[in-house]
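Need the 3D shape of this:
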Amino acid sequence: MILFEVAAFPAGDAVAELTTLIDTVRPLLLKLSLIAGGVLGLYILLLVMRVHYERKKVKVLQAIQYDLDQLNIHYGIPHSSQRKGFFQRAWASWFTSAEKGEDISPKPTKENRVKKNQEK
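Numbers count the residues shown, from 1 in each chain. Got it, this is the predicted structure:
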């Protein structure tokens, strides 16, 4: 059984043709890889520079916020460290109402009262 047929060219000619093809395409591939590598390298360099300057900007803004907070504390104005997020407020309100012995179930609405009256 024959798996493939041997080409009509002798082995020496095929190798010679292949090497001339490679020699023709090689300069084009080198220029293409230089351009692609240069663009990619430039992109990575710009990305690193952007991250560096963004971090510097964040540090400056944090310093400004700290200074403003200190001034607000000095003058008795509410400041950013007094602000609490949603979960902190919910956590604090749940514990304060539980400590006071208050019922923390949802408040009855008009619809709930109407339903209760209809059931009676």
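
tell me which helix or strand of this structure sits lowest on mean pLDDT?
Least confident helix or strand of the chain, by mean pLDDT, DSSP states H and E, is helix 110-119 with a mean of 66.

Spell out the residue ranges of the helices in this protein.
For the chain, the helices defined by DSSP state H cover 11-75, 86-100, 110-119.

could you say what helices and strands the longest one packs with?
When contacts are defined as 3 or more Cβ pairs under 8 Å, 6 or more residues apart in numbering; DSSP states H and E, helix 11-75 packs onto no helix or strand at all. Every C-beta, even on glycine, is put in place using the N, C-alpha and C of the backbone.

For that helix, the averaged confidence score.
Average pLDDT, helix 11-75: 88.

ok, Tyr75 to Tyr66 distance?
Separation of Tyr75 from Tyr66 (Cβ to Cβ, to the nearest Å) stands at 15 Å.

Looking at those two now, which is surrounded by more residues?
Taking other Cβ atoms under 10 Å, Tyr75 and Tyr66 do not tie; Tyr66 has more neighbours (12 against 8).

which residues touch that one?
Contact analysis of Tyr66 by Cβ atoms under 8 Å, 6 or more residues apart in numbering lists nothing.

before we move on, what about Arg55?
If a contact means Cβ under 8 Å, 6+ apart, then Arg55 has no contacts.

Number of residues surrounding Ile35?
Counted with other Cβ under 10 Å, the neighbours of Ile35 add up to 10.

ditto for Val60
Neighbours of Val60 under the rule other Cβ under 10 Å: 10.

How much space separates it from Asp67?
Remark: distance between Val60 and Asp67 (Cβ to Cβ) = 11 Å.

Quick check: neighbours shared by those two?
With Cβ under 8 Å, 6+ apart applied, the contact sets of Val60 and Asp67 do not overlap.

which of the residues in stretch 32-48 are buried?
Neighbour-count burial for stretch 32-48, counted by 16 or more other Cβ atoms under 10 Å, picks out no residue.

can you count the residues close to Gln88?
10.

Tell me the pLDDT of it.
In this prediction Gln88 is given a pLDDT of 79.

Which phi and psi values does Pro78 adopt?
Main-chain dihedrals, Pro78, degrees, to the nearest 10: phi -60, psi 140.
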